[in-house]
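Chemist: 3D, please:
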Amino acid sequence: MALLTIGILSCDAKSAFLPKTSSLAPPSKKMNTNSINFDISLDSDVTQVLSNVNGGAETGKSPLSTSTFNLVKSIVGVGVLSLPAGVAAFGDAKSAIIPATVLIAIAGALSGYNFSLMGRICSLASATSYSSAWTEIFGPSSAWIPAITVFAMTFACVIAFSMVIAETMVGISGMVGLAATRTQILIGLTGTTLLPLCLMKDLASLAPFSLLGIIGMLLTVGSMAVRYFDGSYSMAEGAGKFLEGVAANLQPSFGSNGAMAVFSPKAFVLLGMLSTAYMAHFNAPKFYSELEDNTIERYNKLVITSFGIAIVVFAAAAALGFGTFGKASAGFILTNYASKDSLIGLSRIAVAFSLIFTYPLVFTGCRDGAMDLLRVPLEKRTASYQDKLTFVLLGIVTALAMVLKDVSVVLSLAGSTLGNALIYVLPAIMFRQIVKDMGTKASTSMKREVYFTNFSCLIGIVMGIIGTNMALKN
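Modeler: Residues are numbered from 1 along each chain as shown. Okay, here's the model as predicted:
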């Protein structure tokens with residue numbers, strides 16, 4: 001956890017995330033209440049359910065434990081099951097896991113810092129969302145910049161969800177002896193299940209199912225650990241009892257490109273995936289504003305704990321998946337495991353169940369973002385209009401999911417472009433402008449921190465350029 005306190009800032013350690021003094025006082029300018037709110041919040045229903053269960057002392061507020069669970073759930077999603085492929089992009093020896101773990105930790109620390117920074121930016125700007133913070137700082141004329149970025153990111157996430165559900169259901173169908181292709185499953189499942197769920201107008205009843213997401217992911221990582229240590233997929237003679245049920249191109253493959261291979265530009269493929277995997281930053285304002293007794297200390301504790309847990313889960317999944325299959329690690333690691341492996345089969349069922357019932361929560365955010373971008377007035381957002389838009393968007397998503405075969409490419413490309421912008425670039429630009437507008441009122445630590453946020457912005461741009469290039473080549 002100490003990693004996330006980030007002593008790399010030039011300011012004192014206590015203000016590494018957020019200052020605890022008067023620097024939180026918002027600027028004098030007021031919120032533009034006439035601007036369109038482009039922000040997309042994917043977990044509001046889940047937050048409310050958890051808050052009701054745990055009982056926040058303040059109306060509409062969530063206890064620290066609830067917020068921590070919900071933030072971990074927001075971070076630890078389908079992206080974690082693509083990380084072994086990110087390691088395989090640059091290495092094929094087990095020692096590649098060492099630098100990969102370091103990259104996962106560093107990316108998690110920087111993502112956690114910028115998540116915390118985004119909460120402070122909204123407090124300084126008297127804003128309640130990612131996009132409204134930008135509007136308050138720069139005005140409504142450029143509000144389309146974060147709007148498009150957030151919408152495109154959620155759109156990419158919906159595509160990834162469809163792809164992962166399809167891959168998972170292919171494995172499940174094989175486990176029960178049914179011969180169904182990926183395309184058949186996508187069309188059938190979209191028409192009979194995903195479409196009706198996305199047409200629902202009240203998603204509150206689905207919120208409890210989304211809580212199973214983190215449980216399913218932890219169960220999956222645990223199952224991967226069992227299979228790694230019991231040698232069920234080992235190439236050693238007399239071992240590997242499930243290997244005969246795995247296609248040749250998906251069987252374990254190891255070479256000599258180990259730890260030093262991380263210096264290859266191909267390592268940026270993993271970094272791009274991590275930018276998608278750690279993405280929760282457009283919800284940072286919500287977590288800050290809805291945290292019970294939301295002092296800076298408590299908000300920092302929320303961020304440090306949540307991102308610390310995510311780092312551990314990500315590192316474990318990457319190490320176990322890559323350690324088992326090496327260079328053959330698929331974009332969705334469960335694809336590598338035999339369909340007759342009942343333990344992994346249970347994980348597939350848990351993941352599929354979780355994704356199917358959280359799908360409409362993510363899709364709704366994407367659909368609302370599309371209406372915001374189209375500047376559809378609230379009075380015209382009728383049930384009929386939303387249903388038509390649902391058919392169009394879901395049709396496009398399903399078609400793309402049928403054409404795209406490797407979810408790791410989608411996640412890496414989205415992370416290298418949109419993820420890096422949302423995590424590293426846009427928050428740095430906003431913070432620098434805030435400090436500039438505050439003038440002499442800005443604290444010395446804030447002025448020094450601008451240098452670090454500029455560096456973070458540069459990192460995001462470099463990772464975006466190289467990562468995009470490597471993702472397309474890979």
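Chemist: Need the distance between the two termini of stretch 373-381.
Modeler: One end of stretch 373-381 to the other measures 13 Å (C-alpha to C-alpha, to the nearest Å).
Chemist: chain center to that stretch: distance?
Modeler: Relative to its chain's centre, stretch 373-381 lies at 27 Å (C-alpha atoms, centre = their mean, to the nearest Å).
Chemist: Tell me the buried residues in it?
Modeler: Applying a neighbour-count criterion of 16 or more other C-beta atoms under 10 Å, one finds 373, 376 buried in stretch 373-381. All C-beta atoms are positioned from the backbone trio N, CA, C, and that covers glycine.
Chemist: got it, and stretch 164-180?
Modeler: 164-175.
Chemist: could you dump these to TSV with distance to Tyr359?
Modeler: Putting these into TSV (distance: C-beta to C-beta, whole Å) gives the following:
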residue	distance to Tyr359
Val164	10
Ile165	7
Ala166	12
Glu167	14
Thr168	12
Met169	13
Val170	17
Gly171	18
Ile172	16
Ser173	19
Gly174	22
Met175	21
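Chemist: out of these, which one sits closest to Phe115?
Modeler: Of all the buried residues of stretch 164-180, Val164 has the smallest distance to Phe115: 23.9 Å, by C-beta to C-beta.
Chemist: need the contact list for that closest one.
Modeler: Counting by C-beta atoms under 8 Å, 6 or more residues apart in numbering, Val164 touches 78, 81, 332, 351, 355, 407.
Chemist: coming back round to it: tell me the one of the buried residues of stretch 164-180 nearest Ile215?
Modeler: Nearest to Ile215 among these: Thr168, at 15.5 Å, using C-beta to C-beta.
Chemist: quick one, helices of the stretch 251-400 of the chain?
Modeler: Secondary structure of the stretch 251-400 of the chain (DSSP state H, counting those that start in this stretch): helices located at 267-277, 284-290, 296-325, 342-373, 383-403.
Chemist: For the second one, name the packing helices and strands.
Modeler: The one in question is helix 284-290. When contacts are defined as 3 or more C-beta pairs under 8 Å, 6 or more residues apart in numbering; DSSP states H and E, helix 284-290 packs onto helix 44-54, helix 64-75, helix 97-124, helix 130-138, helix 296-325.
Chemist: Please identify the deepest-packed of these.
Modeler: Mean neighbour counts were taken over the helices and strands packed on helix 284-290 using mean count of other C-beta atoms under 10 Å, and the top value, a mean of 25, falls to helix 130-138.
Chemist: before we move on, the earlier item: any chance of the helices and strands packed on helix 284-290 in TSV, plus distance to Leu400 and mean pLDDT?
Modeler: Shown next, in TSV, are those (distance: least, C-beta to C-beta, whole Å; pLDDT from 0 to 100):
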stretch	distance to Leu400	mean pLDDT
helix 44-54	26	40
helix 64-75	24	86
helix 97-124	26	93
helix 130-138	25	88
helix 296-325	25	94
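Chemist: Which of these sits closest to Ile465?
Modeler: helix 97-124 (16.6 Å).
Chemist: could the helices and strands packed on helix 284-290 go into TSV alongside distance to Met200?
Modeler: TSV is the format used below for those (distance: least, C-beta to C-beta, whole Å):
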stretch	distance to Met200
helix 44-54	11
helix 64-75	21
helix 97-124	30
helix 130-138	25
helix 296-325	29
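Chemist: Phe268: which of the ones you listed is closest?
Modeler: helix 97-124 (9.8 Å).
Chemist: neighbours of the residue nearest to Met200 when sequence neighbours are not counted, just the number please.
Modeler: Among residues not flanking Met200 along the chain, Pro360 sits closest, at 6.2 Å (C-beta to C-beta, 6 or more residues apart in numbering). Pro360 has 22 neighbouring residues, counting by other C-beta atoms under 10 Å.
Chemist: what's the answer for Thr453, then?
Modeler: Residues contacting Thr453 under the criterion other C-beta under 10 Å number 23.
Chemist: ok, it - contacts?
Modeler: Per C-beta under 8 Å, 6+ apart, neighbours of Thr453: 117, 427-428, 431-432.
Chemist: give me that answer again for 10 Å
Modeler: 9, 113-114, 117, 424-425, 427-432, 435, 446 (C-beta atoms under 10 Å, 6 or more residues apart in numbering).
Chemist: Make sure it is indeed in a strand.
Modeler: No - counting by DSSP: H, G, I helix; E, B strand; the rest coil, Thr453 is not part of a strand but helix.
Chemist: Please tell me how far it sits from Gly460.
Modeler: Remark: distance between Thr453 and Gly460 (C-beta to C-beta, to the nearest Å) = 10 Å.
Chemist: swap in Leu64?
Modeler: Look at Leu64 and Gly460: by C-beta to C-beta, they are 29 Å apart.
Chemist: Likewise for Ser408?
Modeler: 20 Å.
Chemist: Comparing the two, which residue is more hemmed in?
Modeler: It is Ser408, of Ser408 and Gly460, that has more neighbours when counted by other C-beta under 10 Å, with 30 against 25.
Chemist: For Ile145, which of the helices and strands packed on helix 284-290 is the nearest?
Modeler: Here helix 130-138 is closest among the helices and strands packed on helix 284-290 (C-beta to C-beta), at 6.9 Å.
Chemist: Quick check: Ala318 touching Ala89?
Modeler: No - if you go by C-beta atoms under 10 Å, Ala318 and Ala89 don't touch, sitting 11.5 Å apart.
Chemist: got any residues that touch both of those two?
Modeler: Residues touching both Ala318 and Ala89 (C-beta under 10 Å, 6+ apart) are 96, 100, 270, 273, 329.
Chemist: So the nearest residue to the fourth one once chain neighbours are set aside, which state does it fall into?
Modeler: The one in question is Met273. Spatial nearest neighbour of Met273, chain neighbours left out: Gly86 (4.4 Å); criterion: C-beta to C-beta, 6+ apart. Here Gly86 is recorded as helix under three-state DSSP.
Chemist: Distance check, Gly86 against Asn336.
Modeler: 14 Å.
Chemist: between these two, who's got more neighbours?
Modeler: More neighbours surround Gly86 than the other of Gly86 and Asn336, with 32 against 24 (other C-beta under 10 Å).
Chemist: Can you give me the pLDDT of that one?
Modeler: In this model, Gly86 is scored at 94, pLDDT.
Chemist: now swap in Leu211 and tell me
Modeler: 67.
Chemist: Same question for Thr59.
Modeler: For Thr59, pLDDT reads 51.
Chemist: in the stretch 201-350 of the chain, which segments are predicted with low confidence?
Modeler: 204, 207-211 (pLDDT under 70).
Chemist: Try it again at 50.
Modeler: Scanning the stretch 201-350 of the chain for pLDDT under 50 picks out no residues.
Chemist: hang on, the earlier thing: out of the contacts of Thr453, flag the one nearest to Lys73.
Modeler: Among these, and counting by C-beta to C-beta, the member closest to Lys73 is Asn114, at 19.4 Å.
Chemist: ranking the contacts of Val164 by neighbours, who comes first?
Modeler: Neighbour counts for the contacts of Val164, by other C-beta under 10 Å, peak at Leu81, which reaches 30 neighbours.
Chemist: Next, give phi and psi for that one.
Modeler: The phi/psi pair for Leu81 (degrees, to the nearest 10) reads phi -80, psi 0.
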